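Trainee: my questions are about this predicted structure, shown below with the sequence.
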Amino acid sequence: MDDHDTKNNNSLTSPWYKKGLCFSCKKCGQCCTGFPGFVWLSPKDLSDIANFLQMSQEMVLEKFTRKVFHKISLIEILPSYDCIFFCNNRCSIYPARPVQCRTFPFWPHLLLSKETWDDAARSCPGMQTDENMVPYEEIEKKLQEYQQNFLP
Ligand code: SF4
């Protein structure tokens, strides 16, 4: 077992981010634009967006989403791959944005190790900052919110 394995194994009992992580969104929009991806919607996300837009869920599904692998994802505008709700350099449904967006970057696969976190930070200036230390408890809360949102 090398140092890398030891660090990641220890993180099972005492997560590597136990002392918190710095994150402060710079509102650059890079995570909403520029490359292909998926913003998965849970039934609650769909309901929140429909309420916010004062539309039926059926209409939201028809106008703003696509089916991928039997799941629902927001549409991207080609050729830029901007999220369909990204307008005038901001999220136009911000108060009702999906849990996936609200919990970023505290996603299970990004929190796996310092390496996965640093890797993701290369494309997010908000993760490269020394400002706004997010405490461990809050990270865990976001992580759980992300995980529970997609439970069947
Ligand atoms: S890439 Fe990071 S800093 Fe830029 S908008 Fe997304 S979360 Fe904020």
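Mentor: It's in. The structure presented is a predicted model; accordingly, all values stated were derived computationally and were not measured.
Trainee: go ahead and confirm E131 touches C25.
Mentor: No. Contact criterion Cβ atoms under 8 Å: E131 and C25 do not qualify, at 10.5 Å. Where C-beta positions appear, they are placed from N, C-alpha and C, glycine not excepted.
Trainee: what about the two, which has more around it?
Mentor: C25 (15 against 9; other Cβ atoms under 10 Å).
Trainee: how much space between the more buried one and Q54?
Mentor: Counting by Cβ to Cβ, to the nearest Å, the gap from C25 to Q54 is 27 Å.
Trainee: packing partners of the top helix by length along the chain?
Mentor: For the chain, the longest helix by residue count, based on DSSP state H, is helix 136-149. The contact analysis (3 or more Cβ pairs under 8 Å, 6 or more residues apart in numbering; DSSP states H and E) places helix 136-149 against helix 99-102.
Trainee: kindly export the longest helix of the chain (C-alpha atoms) in PDB.
Mentor: Output of helix 136-149 as PDB, limited to C-alpha atoms (Å, rounded to 0.1, in the frame of the first residue of the first chain):
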ATOM      1  CA  TYR A 136     -17.200  19.500   7.600                       C
ATOM      2  CA  GLU A 137     -20.700  19.400   8.900                       C
ATOM      3  CA  GLU A 138     -22.000  21.500   6.000                       C
ATOM      4  CA  ILE A 139     -20.100  19.400   3.400                       C
ATOM      5  CA  GLU A 140     -21.700  16.300   4.800                       C
ATOM      6  CA  LYS A 141     -25.100  17.900   4.700                       C
ATOM      7  CA  LYS A 142     -24.700  18.800   1.000                       C
ATOM      8  CA  LEU A 143     -23.300  15.300   0.300                       C
ATOM      9  CA  GLN A 144     -26.400  13.700   1.900                       C
ATOM     10  CA  GLU A 145     -28.700  16.100   0.100                       C
ATOM     11  CA  TYR A 146     -27.100  15.100  -3.200                       C
ATOM     12  CA  GLN A 147     -27.300  11.400  -2.500                       C
ATOM     13  CA  GLN A 148     -30.900  11.500  -1.100                       C
ATOM     14  CA  ASN A 149     -32.100  13.500  -4.100                       C
END
